[in-house]
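let's see this in three dimensions:
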Amino acid sequence: MAAAVAAELRDRVGIGWRAELAASIFVHRDRIDLIELVADDHFRASKRQLRALRTLAGQIPMMLHGVTQGLASMAVPDQHRLERMARLAEAVQPESWSEHLAFVRAGGIEIGHLAAPPRTPAGIEATARNIRRATAIVGASPAMENVASLIDPPASTLDEPDWIDGIVASCDAPLLLDLHNLYANAVNFGAEPGAMLLRLPLHRVTTVHLSGGHWIEAPGTAERRLLDDHVHDVPPECFALLTLLAQHAPQPLDVILERDGKFPAFPRLLAQLDAARVALAAGRAACSLRAAE
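Reported below is the predicted structural model:
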């Protein structure tokens, strides 16, 4: 991984790199601090394509984001997938990389989804083992992201905050905190989002994701579930959670806006980046005020 510049420790706000947004990202480079690249889309990139990505990483600070490793699994992660991640990281030289606290395959079957596993002590042990294995192969620890789930994982004996805390403590992993995933899980299962956030190991958070979703009807019931879909604007509740996070996590934070489809005019995305900066500033101001009292 490329060494991060340490001259000035500050919060940064950026956006997920998507082909549809590439031209606008370059035009508005002065308003975008960093980008996040979906790693798996480039595992089979040609040498020419890899050179282009490395040039891009030299122009805009870049992070790699994995989606198919399935590290939160009882099964050992696929060696070849981790080696492809390692080769991409070596070729591109990003600042960091990340993955999800999810499983994506079982019994050799790819499920095509980031599924939340049972939250158990055995799962903590297996996930920590897998993260350590990934770290050894890729050469740097992945920041691990909390995932949204429309169901409370069956057979769980721990709630989500205790499970996440157990994992990052067991393998000293950084945390990528997806605030919409946290918000969705909280409202879907009757928790208070702010209280849920404050129970997480916030000192381990290095990166934050912001995205949006929409409400769906639960089949066969009158209940609704908030679905995280990355094709809607960030709701105000997530900006409020970002302020709360910035108040209680004094370390620099990298905030990434995720948008995977139904792309609006780029000024609307820039407005959400600005809203993230405002939310961060409000949290930092509240933290300073509390420290001065």
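
C-alpha from now on. contacts and neighbour counts both.
Noted.

what's the spacing between the closest residue to R119 other than its chain neighbours and H180?
Nearest in space to R119, with sequence neighbours left out and distances taken as CA to CA, 6 or more residues apart in numbering, is S156 at 4.5 Å. Applying CA to CA, to the nearest Å, the value for S156 to H180 is 22 Å.

show me which of these two is the more surrounded one.
For the pair S156 and H180, the greater number of neighbours falls to H180 (30 against 15), based on other CA atoms under 10 Å.

A helix includes the more buried one, no?
Yes. Assessed by DSSP: H, G, I helix; E, B strand; the rest coil, H180 belongs to a helix.

got a pLDDT number for it?
For H180, the pLDDT comes out at 98.

from M74, how far out is it?
Counting by CA to CA, the gap between H180 and M74 amounts to 26 Å.

before we move on, what about H100?
H100 is 14 Å from M74, by CA to CA.

re earlier: OK, contacts around the residue nearest to R119?
With contact set as CA atoms under 8 Å, 6 or more residues apart in numbering, S156 has these partners: P118, R119, T120.

just the closest of those residues to H203, please.
Comparing the contacts of S156 against H203 with CA to CA picks out R119 as the nearest, at 21.5 Å.

my read: the closest one touches P153, true?
Yes. Judged on CA atoms under 8 Å, R119 makes contact with P153 at a distance of 7.1 Å.

neighbour count winner among these two?
Higher neighbour count among R119 and P153: R119, with 22 against 15, using other CA under 10 Å.

so which helix or strand takes in that one?
In the assignment (DSSP states H and E), R119 maps to no helix and no strand.

over to the one 10 residues further on?
Secondary structure here is read from DSSP H and E; on that basis R129 sits in helix 121-138.

the helix or strand that comes right after that helix packs against which elements?
With elements assigned by DSSP H and E, the helix or strand that comes after helix 121-138 is strand 143-145. Other elements packing on strand 143-145 under the criterion 3 or more CA pairs under 8 Å, 6 or more residues apart in numbering; DSSP states H and E are strand 96-100, strand 175-178.

which one, of these, ends up nearest to E223?
The nearest among the helices and strands packed on strand 143-145, by CA to CA, is strand 175-178 at 23.9 Å.

strands paired with that closest one, and their directions?
For strand 175-178, the paired strands and their directions (DSSP bridges) are strand 143-145 (parallel), strand 205-210 (parallel).

with that, I have no additional questions.
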